[in-house]
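Trainee: Dropping the sequence and predicted coords here.
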Amino acid sequence: MPEGHKTHYIARQHSDWLAGRALQVTSPQGRFRNDARKVSGQVLESCRAFGKHLFYEFESGRRIHVHLGRYGKYRVLDSPPPKPVGAVRMRLVSDRQTIDLTGPTTCRVIDQAMQNEVISQLGPDPLAGGSKFKVWENLTKSSKPIGALLLDQKVLAGVGNIFRAELLFEIGMNPELTGQSMSRQQFDQLWKSLTRMMKVGLKYGKIITVRSGETKVRLKDLEGDDRFRIYGGTVCPSCGDSIDTIEIASRKLYWCPTCQCG
């Protein structure tokens, strides 16, 4: 599932490509056909991200709300569009690009009020100017482990399984530490590392948690597990001990029991 950096990256791209243009919106698959007719032919004002949600905002006030979920993917093509490939839920066509969407969890037309309601159910988004103090409040009032709280989109929007593992490793935090037990100093470290990682992810369009001094390859050229310190690994890059896994919030979390004792 794409994490928050990716939705913001997509929103920037799609705004650059499509904003200010009238879009032909269709649903080759058919499941989005009725909603597509509500906005087809209208001018897109912008595409905006919040957490893992995307909102295509049209001048009429209507919005297309997309949540990619685990299987949602975009495919960018030239215009005029070729024949659809696969089960294309939504096709956006401008005079410049064609963008196909397959497999999203959510794809629907909503209004401003519903967009506000969706956002109101989410915690602060670090890439959308989210309040650091509000995140502090959300975390420290809970007796749940930090490893679970980081995946709770009502606590903090945009963090997924990779950011969770890499963040906790970087700051040496035990994933089972409860939110209530976290000190302000620990939280400040967490927030600083998280915002850095998410901004790097937004810059390159992919999660990169290692720093430039840790690799001989330029960050933008890193691929696969080389982008991470601990996620998917077997040996801790800091102490050399074995990386362990623990299930928290129904997701496997990679961590080093030796380094993450704080």
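Mentor: That came through fine. Numbering: from 1, shown residues only.

Trainee: Provide a list of residues in contact with the closest residue in space to residue 251 that isn't next to it in sequence.
Mentor: By the measure of C-beta to C-beta, 6 or more residues apart in numbering, the closest residue to residue 251 outside its immediate chain neighbours is residue 161, 5.1 Å from it. Any C-beta I mention is one placed from the backbone N, CA and C, and that applies to glycine too. Going by C-beta atoms under 8 Å, 6 or more residues apart in numbering, residue 161 touches 151, 231, 251-253.

Trainee: For residue 155, give me its contacts.
Mentor: With C-beta under 8 Å, 6+ apart, residue 155 has these contacts: 123, 135, 138-139, 142, 149.

Trainee: Kindly recompute the last result at 7 Å.
Mentor: Counting by C-beta atoms under 7 Å, 6 or more residues apart in numbering, residue 155 makes contact with 123, 138-139, 149.

Trainee: So which of those residues are in helices?
Mentor: 138-139, 149 (DSSP state H).

Trainee: Now tabulate those residues in CSV and tack on distance to residue 108, pLDDT and neighbour count.
Mentor: Converted to CSV, those look like this (distance: C-beta to C-beta, whole Å; pLDDT from 0 to 100; neighbours: other C-beta atoms under 10 Å):
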residue, distance to residue 108, pLDDT, neighbour count
138, 27, 96, 18
139, 31, 96, 24
149, 29, 98, 27
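
Trainee: Now flag whichever of the residues you listed is closest to residue 182.
Mentor: residue 139 (6.2 Å; C-beta to C-beta).

Trainee: mind listing what's buried in stretch 76-83?
Mentor: Neighbour-count burial for stretch 76-83, counted by 16 or more other C-beta atoms under 10 Å, picks out residue 81.

Trainee: cool, and stretch 98-114?
Mentor: Under 16+ other C-beta under 10 Å, the buried positions of stretch 98-114 are 98-104, 107-110.

Trainee: follow-up on the earlier one: who wins on neighbours among the contacts of residue 161?
Mentor: Using other C-beta atoms under 10 Å as the neighbour test, those are led by residue 253, with 24 neighbours.
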